[in-house]
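Asks: Structure of the sequence below:
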Amino acid sequence: MAFWDCSLNQDWAKREVSDKNRLFTETKMENTIDRIQGVAQHPRNTERVPAGAEFDFKLTLKVHDGEDLSDMLFQGLKLIELTGLGGSLSRGYGKIEFVDLKLGSTDVQAKLDAVTFGEAA
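Replies: Numbers count the residues shown, from 1 in each chain. Modelled structure (predicted):
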């Protein structure tokens, strides 16, 4: 499997950035609070893409000896949707959703949406 770079969707960029005069990224300021002294410490900033940003996603799935790994691929994509992508996931960053998923020209979104995982015993 090979994952390609995920470029910002140009239609989204025009609609949200050019037409609405928004930025491609946003800066979120964070710090920790010393509860005894009542002061903020260790200020830092994080640059991130704004919620709702759309990216063009592409991957290549190579088939060897006729082995069909598409079910495993959909399970992996579902896990990414459930857990997130990148750092600072505990702060709510990195939440993603795959939409309009296609394999070649075939719509496979329903296959991804149907993936479920058994409950823990």
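Asks: so residue 41 touches residue 30, yeah?
Replies: No: with contact defined as CB atoms under 8 Å, residue 41 does not count as touching residue 30 (11.1 Å). Yep, even glycine has a C-beta here, placed from its N, CA and C like the rest.
Asks: between these two, who's got more neighbours?
Replies: Shown here are residue 41 and residue 30; by other CB atoms under 10 Å, residue 30 has more neighbours (12 against 9).
Asks: which residues touch the more buried one?
Replies: Shown in contact with residue 30 (CB atoms under 8 Å, 6 or more residues apart in numbering): 43, 44, 45, 46, 91.
Asks: In this structure the fourth one contacts residue 31, no?
Replies: No: here residue 46 lies out of contact with residue 31, judged by CB under 8 Å, at a distance of 11.4 Å.
Asks: Break the protein into its domains for me.
Replies: 1-26+33-59, 61-121 (automatic domain parsing).
Asks: So for the last one, mean pLDDT?
Replies: Averaging pLDDT along domain 61-121 yields 89.
Asks: 40 is where my numbering starts, stick with that
Replies: Understood, numbering begins at 40; the last thing we discussed is domain 100-160.
Asks: Identify the bridge partners of residue 71.
Replies: Beta-bridge partners recorded for residue 71 (DSSP bridges): residue 80.
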